[in-house]
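Novice: Give me the fold of what follows.
(one chain, ligands or ions: 1)
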Amino acid sequence: MTRLSVRNLSVDLGGQTIVRDVSLDFAPDGVIGLIGPNGAGKSTFLKAILGLVPSRGGISYDGKPLPEIDRRALARLTSYLPQDREIAWPLSVENVVALGRTPYLSTLSGLGSEDHQEIESAIALTDIAHLRNRIVSTLSGGERARVLMARVLAQATPILIADEPVAALDPGHQIALLETLDALSSAGRTIIVSLHEISLAARWCRRLVLLDKGSIAADGKPEDVLTHEHFAKVYGVRIHRTVTEDGLLVQPVARLPLQR
Ligand SMILES: Nc1ncnc2c1ncn2[C@@H]1O[C@H](COP(=O)(O)OP(=O)(O)OP(=O)(O)O)[C@@H](O)[C@H]1O
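Specialist: Here you go, the predicted structure:
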C-alpha cells in the first residue's frame, strides 16, 4: 500500500501562485476526487505531485521524497492520464496501450506474459477490443480517451492519477470506468482523479477535495463537501441535493451571485 504525502505544496506559474500551501495525504481508500472551478489549480496540483512542474514544499511516496525517486521507479509507482488527449504518433490502439508497459521493459526484452496480460485486461476494461488495430488519430474523442486510459491501466501502478478521465465518455463508459477505478482502489491502489461531473463525484468518490483559487476549500466525504454553502461560495451555483436509494444525488440548477 503506497501512501502519498503532500506538505505545504505551492506552485508558481507565470508570476502567479497557482497552488497555495496545500497539505494532503492520500491512501487507497476509495476513489479520491479533486473538484473545483476552471482554473482552480487541479491540473497543476496533479502535475506537481508527479514532479512535472516545479513546486515548493514536500512530496513523498511512502516517506521517500520525490526528488530522490528516479524516473523509472516513479513510472512503476505512478501512472498519469493528462488532460490533453492528443497523440502525436500514428500508432495502433494496441501499441498505445502497450506503451503502459515501458517502465517494466529492459532494452533487450520484448513484452512478456505479464505484460500481455495487463494489456489485454486494460483493453477489456475500457471496451476497446474492437478498436485494437485502428490508428489512434482516426478515433473519436471518447474512443481516444478510453485508449489513453487503457495505457494508464496497463501500467498497473500502486498510484493512479487521472486528469478528467470521464470528461469525453458517454454515461455507460463513465460508469464502467468509475467502477473499474473503485475496484482498483478496493484492491489496494491509490486512485486520484479530477472531475467536473458533480453527480458522478457524489456517487463514485469516497473522498472529495475541493480546490478554489489554488487552496483547499473542503476535504472530506462527498456529503460534507457537496453542500449548498460550498457550491454557492466556490462555484456560484445553486444545487439540488437529495439522498436516494442510489446514494447522494447532486445537480447544479441555477447560477447565484458569486459570494466573493
Ligand atoms: N504555464 C502556465 N503559465 C501561467 N499560468 C498558468 C500556466 N499553467 C496554468 N496556468 C494557470 O493556472 C491556473 C490553474 O490552471 P489549471 O490547469 O491547474 O486549472 P484546473 O483547475 O485544472 O482548470 P480546468 O478545470 O479548467 O481544467 C489557470 O488560471 C491557468 O491559466
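Novice: Convert the C-alpha atoms of stretch 21-37 to CSV, please.
Specialist: Taking Å, rounded to 0.1, in the frame of the first residue of the first chain, the C-alpha atoms of stretch 21-37 are listed here in CSV:
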residue,chain,number,x,y,z
ASP,A,21,0.1,25.8,0.6
VAL,A,22,-1.7,22.5,0.1
SER,A,23,-1.1,19.6,2.5
LEU,A,24,-2.9,16.3,1.8
ASP,A,25,-2.3,12.6,2.5
PHE,A,26,-3.5,10.0,0.0
ALA,A,27,-4.1,6.3,0.7
PRO,A,28,-6.1,3.6,-1.0
ASP,A,29,-9.4,4.4,0.5
GLY,A,30,-11.9,4.6,-2.4
VAL,A,31,-11.6,6.9,-5.5
ILE,A,32,-10.4,10.3,-4.4
GLY,A,33,-11.9,13.2,-6.5
LEU,A,34,-10.4,16.6,-7.0
ILE,A,35,-13.0,19.1,-7.9
GLY,A,36,-13.2,22.9,-8.3
PRO,A,37,-13.9,25.6,-10.9
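Novice: buried residues in that stretch?
Specialist: 22, 24, 26-28, 30-37 (16 or more other C-beta atoms under 10 Å). For the C-beta atoms, the positions are set from N, CA and C on the backbone; glycine is no exception.
Novice: where does the residue of the chain found nearest the ligand fall, phi/psi-wise?
Specialist: Minimum separation of the chain from the ligand (C-beta to the nearest ligand atom) falls at G14, amounting to 2.8 Å. The phi and psi values for G14, taken as degrees, to the nearest 10, are phi 60, psi 30.
Novice: Renumber starting at 28 from here on
Specialist: Got it, the first residue is 28 from now on, which makes the last one we talked about G41.
Novice: Considering only the buried residues of stretch 48-64, which also neighbour the ligand?
Specialist: Restricting the buried residues of stretch 48-64 to those within reach of the ligand (C-beta under 6 Å from any ligand atom) leaves G63.
Novice: Tabulate the buried residues of stretch 48-64 (a markdown table), appending pLDDT.
Specialist: Output for these, formatted as a markdown table (pLDDT from 0 to 100):
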| residue | pLDDT |
| --- | --- |
| V49 | 98 |
| L51 | 97 |
| F53 | 96 |
| A54 | 90 |
| P55 | 90 |
| G57 | 95 |
| V58 | 97 |
| I59 | 98 |
| G60 | 98 |
| L61 | 98 |
| I62 | 98 |
| G63 | 98 |
| P64 | 98 |
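Novice: Just the ones of the buried residues of stretch 48-64 in strands?
Specialist: 49, 51, 53, 58-62 (DSSP state E).
Novice: Tell me which two of the residues you listed sit farthest apart.
Specialist: Greatest spacing in those, by C-beta to C-beta: V49 and V58 (19.2 Å).
Novice: could you show me where the strands are in the stretch 178-287 of the chain, in order?
Specialist: 186-190, 217-221, 232-239, 242-247, 264-271, 274-282 (DSSP state E, counting those that start in this stretch).
Novice: Identify all contacting residues around the third one.
Specialist: By C-beta atoms under 8 Å, 6 or more residues apart in numbering, the surrounding residues in contact with strand 232-239 are 49, 51, 56-64, 67-69, 72, 212, 220, 228, 243-249, 252-253, 257, 260-261.
Novice: Quick check, pLDDT for the residue of the chain closest to the ligand.
Specialist: Note on G41: pLDDT of 94.
Novice: try L166
Specialist: L166 is assigned 96 on the pLDDT scale.
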